[in-house]
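K.L.:
pasting the sequence and the predicted coordinates here, then a few questions.
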Number of protein chains: 2
Amino acid sequence: MPKTRSSKPASPSTVAEADNPSQKREAILEGAIQVFLNAGYAGTSMDKVAATAGVSKQTIYSHFQDKEGLFTALMERMTIRRFQIALGSDSLQGEPKVLLRQFADAFLNKIVDQQYVALLRLMIAESERFPELAKLYSRTVIQKGRQLMSDYFHHHPELGFRDPEAVAHIFIGSLVSYVIAQEIFYGKETTPLSRDRLIESLLDLLVIKP
Amino acid sequence: MPKTRSSKPASPSTVAEADNPSQKREAILEGAIQVFLNAGYAGTSMDKVAATAGVSKQTIYSHFQDKEGLFTALMERMTIRRFQIALGSDSLQGEPKVLLRQFADAFLNKIVDQQYVALLRLMIAESERFPELAKLYSRTVIQKGRQLMSDYFHHHPELGFRDPEAVAHIFIGSLVSYVIAQEIFYGKETTPLSRDRLIESLLDLLVIKP
DNA sequence: GTCTATAATCAGATAGAC
DNA sequence: GTCTATCTGATTATAGAC
């Protein structure tokens, strides 16, 4: 994919600030992602971010107001990106048996990785200190996902759902809670439950048996 | 306030340590619960705990090795207690339509309160720093709950579940993810979904329609 | 066992040179 | 804009008196 600003004109100094690309800012955000996701908000020091990003601490403070500002910028960015990747597609299409299995498969095997789990944990951990971040996640990721699935159910009345939105929550909520139980609470080790068993039972419940 | 040690008997030194009731220890734990649940692990200072508990800081260090020791003792205690209250009952009994509604109702309206939400958030937040705590929660709360429901499904083959354990996860996971979405991510405000709608749809899916 | 006072460390934020 | 060096406050943990 070609860069969009390959032929950037000389930017007049009057608008320089808002539009300054400054690779340093990127480096800071990249480094900060790693540190925050690994160590959590309190466990992250600005020194560590500076070291990881390869810049000095003061450079961070010239791009972001303070630690909170850096954190929110970071989390907003990740939330939006994840949303684009995960839910940016058009409306869902296909036969229920196939589509629902595809969706669950894609969620568990593609969307859920180390970074997603770390982001989810961090969002929950800091939801009280940063309620606006949590609400952003709620509006973009949770609501969009539910809406996408709900729309699909609306187009498939043969499934017989009286409340497609509520069923959409149940479907997606089962997947998310599975990730939380297995990954965050180490259910993988203590009380394993395979993905296939979860998906099979979900399909059994949602798709009317012949 | 009268001092508590006005008539302290001379305790025999041989058994004093392990069996000393020491109301102070209770006071510390009580105060620590409030502070940790409110402010999180990093946001909690030993000074704040001491002030809330009404003891000096050194008294805390005479009862607990350090901040981590206090935290783990606290969380273990709360996990066990919650488990006793929530899942200590005998096996579930009753007609599916009634029993499942009762269970969901009880979970959403009795078990889930401010303290439960705070505990869940804190467990998730610190699951990486304190993996043993997370595993304890997994083995006691999550697994026991799933087992309780799974046993019930085993005794009701008329429900037609091929994999009762997986369905148990779906049922309980839907409830837990509902709490996370509505309470922790402020879905209550941004994208509300009533408890009744969730419960009705859950019953529609699980109990075979006539 | 319990308290007051203190040591030692660390992190967020800033000052000033270039 | 970027860097090095520094200030300030807070926090964990301990020392020592009673």
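P.N.:
Alright, I've got the coordinates. Residues are numbered from 1 along each chain as shown, chains lettered A, B, ... in the order given.
K.L.:
tell me how far the spatially most central residue of chain A lies from A:Leu100.
P.N.:
Residue closest to the average C-alpha location in chain A (C-alpha atoms, centre = their mean): A:Arg82, at 4.1 Å. Applying C-beta to C-beta, to the nearest Å, the value for A:Arg82 to A:Leu100 is 21 Å. (C-beta placed from N, C-alpha, C; glycine too.)
K.L.:
can you check A:Leu133 too?
P.N.:
According to C-beta to C-beta, A:Leu133 and A:Leu100 sit 30 Å apart.
K.L.:
for DNA strand C, what are the nearby residues on chain A?
P.N.:
Contact residues, chain A versus DNA strand C (C-beta under 7 Å from any atom of the strand): A:44-47, A:57-58, A:61, A:66-68.
K.L.:
the residue nearest to the centre of chain A: what's it in contact with?
P.N.:
Counting by C-beta atoms under 8 Å, 6 or more residues apart in numbering or on different chains, A:Arg82 touches A:111, A:116, A:119, A:141.
K.L.:
try it again at 7 Å.
P.N.:
A:Val141 (C-beta atoms under 7 Å, 6 or more residues apart in numbering or on different chains).
K.L.:
please give the element, helix or strand, for it.
P.N.:
Under the criterion of DSSP states H and E, A:Arg82 resides in helix A:67-87.
K.L.:
please save the CA atoms from that helix in CSV.
P.N.:
What follows is helix A:67-87, C-alpha atoms only, in CSV (Å, rounded to 0.1, in the frame of the first residue of the first chain):
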residue,chain,number,x,y,z
LYS,A,67,1.4,10.6,31.2
GLU,A,68,-2.4,10.6,31.1
GLY,A,69,-2.4,12.4,27.8
LEU,A,70,0.0,9.9,26.3
PHE,A,71,-2.0,7.0,27.6
THR,A,72,-5.3,8.2,26.3
ALA,A,73,-3.9,9.1,22.9
LEU,A,74,-2.5,5.6,22.8
MET,A,75,-5.6,3.8,23.8
GLU,A,76,-7.8,5.8,21.5
ARG,A,77,-5.6,5.0,18.6
MET,A,78,-5.5,1.2,19.4
THR,A,79,-9.3,1.1,19.9
ILE,A,80,-9.9,2.8,16.6
ARG,A,81,-7.5,0.6,14.7
ARG,A,82,-8.8,-2.6,16.2
PHE,A,83,-12.3,-1.5,15.4
GLN,A,84,-11.3,-0.9,11.7
ILE,A,85,-9.7,-4.3,11.4
ALA,A,86,-12.3,-6.2,13.3
LEU,A,87,-15.6,-4.5,12.4
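K.L.:
any idea how chain A splits into domains?
P.N.:
With domains defined by automatic domain parsing, chain A comprises A:22-64, A:68-206.
K.L.:
can I get those domains in CSV with mean pLDDT?
P.N.:
Formatted as CSV, the domains of chain A follow (pLDDT from 0 to 100):
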stretch, mean pLDDT
domain A:22-64, 95
domain A:68-206, 95
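K.L.:
and those domains as a markdown table, adding distance to DNA strand D?
P.N.:
Formatted as a markdown table, the domains of chain A follow (distance: least, C-beta to the nearest atom of the strand, whole Å):
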| stretch | distance to DNA strand D |
| --- | --- |
| domain A:22-64 | 3 |
| domain A:68-206 | 14 |
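K.L.:
for B:Arg162, which of these is the nearest?
P.N.:
domain A:68-206 (6.4 Å; C-beta to C-beta).
K.L.:
from the chain's centroid, how far away is that closest one?
P.N.:
9 Å (C-alpha atoms, centre = their mean, to the nearest Å).
K.L.:
just confirm A:Ala73 contacts A:Gln65, I think it does.
P.N.:
No: counting by C-beta atoms under 7 Å, A:Gln65 is not a contact partner of A:Ala73; they are 9.4 Å apart.
K.L.:
show me which of the two is the more surrounded one.
P.N.:
Taking neighbours as other C-beta atoms under 10 Å in any protein chain shown, A:Ala73 and A:Gln65 compare with A:Ala73 leading, 17 against 10.
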